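J.: Structure, please.
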Amino acid sequence: MSEFWIKVDKTLRYHGRQILRSTRGALWGMRRLPVERPVFVIGCSRAGTTLVYKTFSESKNLGTLQRETHDFWTGMHPLANKHWATHALGTQDATQNDRDAVARYFYAYTGKTRFVDKNNQNGLCVPYLYTLFPDAHFVYVKRNPGDNLHSLIEGWGKPEEFATWSSELKEKVSVDNGRYIQWCFFLSNGWRDYLDKSIEEVCAFQYRAINEEILAAKKRIPAQQWTEVFYEDLVRDPVAGFRQAFEQCGLTFTHDLEQHCANVLSTPYNAFSEIRLDKWKDGRNCDRVERVLPEVAAVARAMGYKL
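T.: Sure thing, here's the model as predicted:
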């Protein structure tokens, strides 16, 4: 096919998708289809949440946008309205308008009333999401602090990917003596105290803050609507790990999904380097990570890790 016809094909497909979304949006407006048992993948940034989200997106029973949705959620609750204090949302933020907007948005894009969603900030918004959708299922992805902190530090070196939302911050970011000047991943209460700290202190704060929020929110979620996944278990045996997670969410773990999971680590999603456990111990951030491990020891133990 010539380059001209390739462009024509892409243009037609794009406009076709636009028309389909508009049609579904109009259909939702007439029928007001409610969301049914959505699946929210939560966890600290760089914990393996993308791996889990992308794998759940392979299920034919779930709608998926195949991308993070932080722009959509913060569009409903702009950070500026909260004085850029935090990405967290609580029960008081949940409204019928939000519920309708989410239902219309995901139905228009996916054609399904049950969907899977993931973004960096949703771990701070579990009470809000549960209030919107009392039948939601939460999949909490946990990663050992050493590897997670190492990956967070690496991620802070990629502001073009993880700090695109923070350009409007008025505060001067000077992390690690000015090596990092854009705030990455998410804002949680107290983040301004770390504007000029070392990068390892910032990442330890983020790891501790979001996992503490998730563990606190867990107490209000019915056990049958909560699944916990150790990233390390997925690396050791992705088929067994994902089978259990899918079944706990009430999803059929088909032969196609089993085949996908058997090979999922060979084509990693958004990984900075090869997938293996305890990378931090021989990585360039080893000394930095080791220095702040005591700061996250308590939350790591609460997550089920033995340090």
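
J.: Let me see the mean pLDDT of stretch 252-268.
T.: Across stretch 252-268, pLDDT averages out at 93.

J.: Correction: the previous question concerned stretch 31-47.
T.: Throughout stretch 31-47, pLDDT has a mean value of 95.

J.: just stretch 141-161 next, same as before
T.: 97.

J.: Next, the distance between the ends of that stretch.
T.: Using C-alpha to C-alpha, to the nearest Å, the end-to-end distance of stretch 141-161 comes to 21 Å.

J.: for that stretch, which positions count as buried?
T.: Going by neighbour count (16 or more other C-beta atoms under 10 Å), the buried part of stretch 141-161 is 141-156, 159. Quick note: C-beta positions are derived from backbone N, CA and C, even for glycine.

J.: Now intersect the residues you listed with the helices, please.
T.: 145-156, 159 (DSSP state H).

J.: what residue ranges in the chain are flagged as low confidence?
T.: Applying pLDDT under 70 to the chain flags residues 1-2, 4-16, 20.

J.: where along it do the strands fall?
T.: For the chain, the strands defined by DSSP state E cover 39-42, 116-118, 137-142, 226-230.

J.: nearest to residue 163, of these?
T.: Of all the strands of the chain, strand 116-118 sits nearest to residue 163, with 18.5 Å by C-beta to C-beta.

J.: contact partners of that closest one?
T.: Applying C-beta atoms under 8 Å, 6 or more residues apart in numbering, the external contacts of strand 116-118 come out as 38-42, 49-50, 52-53, 56-57, 59, 62-65, 68-69, 106.

J.: what's the answer for stretch 263-279, then?
T.: Contacts of stretch 263-279 (C-beta under 8 Å, 6+ apart): 50-51, 54-55, 144, 146-147, 150-151, 154-155, 232, 235-236, 238, 242.

J.: Quick check: the farthest pair among those residues?
T.: Pairwise distances across these peak at 25.1 Å for 154 and 242 (criterion: C-beta to C-beta).

J.: What count of nearby residues applies to the residue nearest to residue 198 when sequence neighbours are not counted?
T.: If the residues on either side of it in the chain are set aside, residue 198 comes closest to residue 176, at 5.6 Å by C-beta to C-beta, 6 or more residues apart in numbering. Number of residues near residue 176 (other C-beta atoms under 10 Å) recorded here: 17.

J.: From residue 90, how far out is residue 176?
T.: Separation of residue 176 from residue 90 (C-beta to C-beta, to the nearest Å) stands at 32 Å.

J.: got the contact list for the nearest residue to residue 25 once chain neighbours are set aside?
T.: Leaving aside its sequence neighbours, residue 25 sits nearest to residue 108 (C-beta to C-beta, 6+ apart; 4.1 Å). Counting by C-beta under 8 Å, 6+ apart, residue 108 makes contact with 21, 22, 24, 25, 28.
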